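Asks: Give the three-dimensional model of this entry:
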Amino acid sequence: MCVSFWFYEYYSSQYRRSFLEMSFKWCNLGDYHLVNMTLSISAMPSFPFTKGRIYCNMTLRQETIVAGYIDMELKRKRN
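Replies: All right, here's what the predicted structure looks like:
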């Protein structure tokens, strides 16, 4: 099973596909629990855009079994 992610930038009221994409074999991902995911901006490398959409696809033997997306927005935390 393969999991793929494509990142789209929100630009001029539409989502445009960016150069960022990732693909992994499911067994290589391991056991993760993503609850209220927050990252320190200083620990994260510069991201090319602040608002967008992440599409995800899971395939098994080249057949899509799950597909979806998440809208995201990166904000700076005020101190």
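
Asks: tell me which helix or strand of this protein sits lowest on mean pLDDT?
Replies: Using mean pLDDT, DSSP states H and E, the weakest-scoring helix or strand in the chain turns out to be helix 26-29, at a mean of 74.

Asks: middle-most residue in this structure, spatially?
Replies: In the chain, the residue lying closest to the centroid (CA atoms, centre = their mean) is Ile54, at 4.1 Å.

Asks: show me what contacts Thr56?
Replies: Rather than Thr, residue 56 is Cys. Val3, Ser4, Phe5, Val66, Ala67, Gly68, Tyr69, Ile70 (CB atoms under 8 Å, 6 or more residues apart in numbering). Where you see a C-beta, it was placed from the backbone N, CA and C, and this is true even at glycine.

Asks: Beta-bridge partners for it, please?
Replies: Under DSSP bridges, the beta-bridge partners of Cys56 are Phe5, Gly68.

Asks: I'd like the numbering to begin with 48 instead of 1 from here.
Replies: Renumbered: residue one is now 48, and that last one reads Cys103.

Asks: Distance check, it against Leu121.
Replies: As judged by CB to CB, to the nearest Å, Cys103 and Leu121 stand 18 Å apart.

Asks: Three-state assignment for the residue nearest to the centre of the chain, please.
Replies: Under the three-state scheme (DSSP: H, G, I helix; E, B strand; the rest coil), Ile101 adopts strand.

Asks: Find me the pLDDT at it, would you?
Replies: pLDDT, Ile101: 93.

Asks: Over to Tyr57?
Replies: 92.

Asks: what's the distance between it and Thr106?
Replies: From Tyr57 to Thr106 the distance is 26 Å (CB to CB).

Asks: try Phe52
Replies: Remark: distance between Phe52 and Thr106 (CB to CB) = 12 Å.

Asks: One more: Phe66?
Replies: Distance from Phe66 to Thr106, by CB to CB: 21 Å.

Asks: Neighbour count for the two, which is higher?
Replies: More neighbours surround Thr106 than the other of Phe66 and Thr106, with 16 against 7 (other CB atoms under 10 Å).
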